[in-house]
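>>> Mind folding the following:
(one chain, ligands or ions: 4)
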Amino acid sequence: MTRTVIRGGLVVTAAEELHADVLIEDGRIAALAATGSSAAEAWSADTVIEAGGHYVIPGGVDVHTHMELPFGGTAASDTFETGTRAAAWGGTTTIVDFAVQPVGGSLREGLDAWHAKAEGNCAIDYGFHTIVSDVNESVLKEMDSLVDSGESTSFKLFMAYPGVFYSDDGRILRAMQRGAVNGGLIMMHAENGIAIDVLVEQALAAGKTDPRYHGEVRRELLEAEATHRAIKLAQVAGSPLYVVHVSAASALAELARARDDGLNVFGETCPQYLFLSTDNLAEPDFEGAKYVCSTPLRPREHQEALWRGLRTNDLQVVSTDHCPFCFAGQKELGRGDFSKIPNGLPGVENRMDLLHQAVVDGRISRRRWIEIACATPARMFGLYPRKGTIAPGADADLVIYDPAAVQTVSAATHHMNVDYSAYEGRQLTGRARTVLSRGTVVLDDGRWLGRAGHGAFLRRDTCQYLT
Ligand code: URP
Ligand code: ZN
Ligand code: ZN
Ligand code: ZN
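Residues are numbered from 1 along each chain as shown. Ligands and ions are numbered 1, 2, ... in the order given. Here you go, the predicted structure:
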């Protein structure tokens, strides 16, 4: 048996903060005991990690990433190897990525393809949601068996991207009805893609080709409308609903109203919506393309509403929607036509630190930081308490976090396989010093010690967050 003790840190979970030592046995947390107590002093260990002056937090759980996602004739530039390594550098030790049902194919084929990309390549543990691009009878049956086996207990549907991922309301309702029975959680990309495509066509016809028009045609009203419609469909189906990448204040208001009505409706936002805005999309010389994602960045005033939603628990999760495309050769596909810019931003390495900055700035508490970035994502997607907390029996996915370290974010120093940073030049206080995945140190003081293939596939329970 291998035993590691982490001594002298401030253990922070969603539930509490305590000065405690943590005992790890064979990759799992065996015990916590107050620092200096006779119980903690009595522990013998092969390895002692000093954490004085640091936080000891659960590894981050990022439940929305797209490694190697094919999109718009290209593919997201992080592989499972580079993307999971970058995640660990940023203090994230679990990702849940999206396997895509191929057009005319089955969910099984999508999952097989994504397993083949990930297996043997990940530095940290990983799971899969399934993107359902065609709801039909055999797909509905597949959903049952995937939930039963725990291979994929959540399913993303799209009200956007007609002709690609889009599902009409009837298909959405059928999937929700099935989820209501089998326990699978429906995740929704809520934007009215049919209407958006009309506005895209009209904008291009009027010569509006710049990246900033991506933000203009993907109207806030059309996010709010789709969010409202998704909520009503879920209500008809009697199913819970998780709305991904919420960016608009009015969409958040729809979620808040539904939650006030007692519905199991949940919302996720992402760092780009909390820290970036349409000002970035309007950057000259096509630089705005770096910030093209869907839902789009919104005017600055939406940020305050999103922070408020995180404080009031109308938003429960912050994930990244990490979907990187290099500026050179990938974002550039949309020069002269914003609709051809591949959609997505890099961020898997930055999420924990950006949210810690919000703690420093007094926007959220330390415990809320852990709740929205670790504990609730784990509960929402059936990984708790194995992931997302520090408790006996949990996987020893831990971060020794230096709350005083100052860093300047830059593509020159980040580990994501993408040639720009959406947060270039931003100074942040706080950084992961030591990262453990199932008890194995993968990062220590700026030295990478992890390895591709250490990360294991995670079977998951159904949503553990229902009221
Ligand atoms: O722009 C984004 N978000 N790209 C990834 C695909 C999605 O809709 O999540
Ligand atoms: Zn202390
Ligand atoms: Zn989406
Ligand atoms: Zn996404």
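>>> Packing partners of the helix of greatest length in the chain?
Of all the segments of type helix in the chain, defined by DSSP state H, the longest one is helix 220-237. On a contact count with 3 or more CB pairs under 8 Å, 6 or more residues apart in numbering; DSSP states H and E, helix 220-237 meets helix 169-182, strand 185-189, strand 241-243, helix 249-260. (Each C-beta comes from the backbone N, C-alpha and C, glycine too.)
>>> So that helix, near ligand 1 or not?
No: in this structure, helix 220-237 remains apart from ligand 1 according to CB under 6 Å from any ligand atom; the gap is never smaller than 12.2 Å.
>>> which parts of that helix are buried?
220, 222-231, 233-235, 237 (16 or more other CB atoms under 10 Å).
>>> cool, stretch 197-209 as well?
Along stretch 197-209, these residues count as buried under the neighbour rule (16+ other CB under 10 Å): 197, 199-200, 203-204.
>>> what does the protein have sitting close to ligand 1?
Proximity of the chain to ligand 1 (CB under 6 Å from any ligand atom) is limited to residues 66, 189, 245, 293-294, 321, 323, 343-344.
>>> Can you show me the CA trace of stretch 376-392 as CSV?
Written as CSV, here are the backbone C-alpha positions of stretch 376-392 (Å, rounded to 0.1, in the frame of the first residue of the first chain):
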residue,chain,number,x,y,z
THR,A,376,-21.8,20.6,-8.2
PRO,A,377,-20.5,19.6,-11.7
ALA,A,378,-19.6,16.2,-10.1
ARG,A,379,-23.1,15.8,-8.6
MET,A,380,-24.9,17.1,-11.7
PHE,A,381,-23.3,14.4,-13.8
GLY,A,382,-23.2,11.5,-11.3
LEU,A,383,-19.6,11.5,-10.2
TYR,A,384,-20.0,12.5,-6.6
PRO,A,385,-18.5,11.9,-4.1
ARG,A,386,-15.8,10.1,-6.0
LYS,A,387,-15.0,13.4,-7.7
GLY,A,388,-15.5,17.0,-6.5
THR,A,389,-14.9,16.8,-2.8
ILE,A,390,-12.3,15.8,-0.2
ALA,A,391,-13.7,13.0,2.0
PRO,A,392,-12.8,9.5,3.0
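>>> and that stretch, average pLDDT?
Across stretch 376-392, the average pLDDT comes to 98.
>>> Make TSV out of the buried residues of stretch 197-209 and add secondary structure and pLDDT.
What follows is the buried residues of stretch 197-209, written out as TSV (DSSP: H, G, I helix; E, B strand; the rest coil; pLDDT from 0 to 100):
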residue	secondary structure	pLDDT
197	helix	98
199	helix	98
200	helix	98
203	helix	98
204	helix	98
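>>> The worst-scoring helix or strand of the chain on mean pLDDT pairs with which strands, parallel or anti?
Evaluated with mean pLDDT, DSSP states H and E, the helix-and-strand set of the chain has its lowest mean pLDDT in strand 70-71, which scores a mean of 96. Strand pairing for strand 70-71, using DSSP bridges, gives strand 74-75 (antiparallel).
>>> What are the contacting residues of the following helix or strand past the strand it pairs with?
Proceeding C-terminally, strand 74-75 gives way to helix 80-89 as the next helix or strand, assigned by DSSP states H and E. For helix 80-89, the external contacting residues (CB atoms under 8 Å, 6 or more residues apart in numbering) are 60, 62, 65, 67-68, 78, 93, 95, 97, 117-118, 121-124, 126, 322, 324, 348-349, 414-417, 432, 435, 437, 442-443, 448, 450, 452, 455.
>>> what's the answer for stretch 320-331, then?
For stretch 320-331, with CB under 8 Å, 6+ apart as the criterion, the contacting residues are 62, 64-67, 69, 71, 74, 76-78, 83, 244-245, 270-272, 286, 289-290, 292-293, 341-348, 350-351, 416-420.
>>> Just the residues you listed: which are in helices?
83, 271-272, 351.
>>> nearest to residue 315, of those?
Minimum separation from residue 315 among the ones in helices among the contacts of stretch 320-331 (CB to CB) is found for residue 271, which lies at 12.6 Å.
>>> okay but residue 5 is in contact with residue 41, surely?
No: counting by CB atoms under 8 Å, residue 5 stays clear of residue 41, with 10.2 Å between them.
>>> which of those two has more neighbours?
Comparing residue 5 with residue 41 by neighbour count (other CB atoms under 10 Å), the higher total belongs to residue 5, at 22 against 11.
>>> could you list every residue that touches the more buried one?
By CB under 8 Å, 6+ apart, residue 5 lies in contact with 21-24, 40, 43, 45, 47-49.
>>> ok, what's across the strand from residue 345?
Counting by DSSP bridges, the residues bridging with residue 345 are residue 322.
>>> mind giving me TSV with the helices and strands packed on helix 220-237 and columns for distance to residue 112?
Rendered in TSV, the data for the helices and strands packed on helix 220-237 read as follows (distance: least, CB to CB, whole Å):
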stretch	distance to residue 112
helix 169-182	21
strand 185-189	21
strand 241-243	25
helix 249-260	34
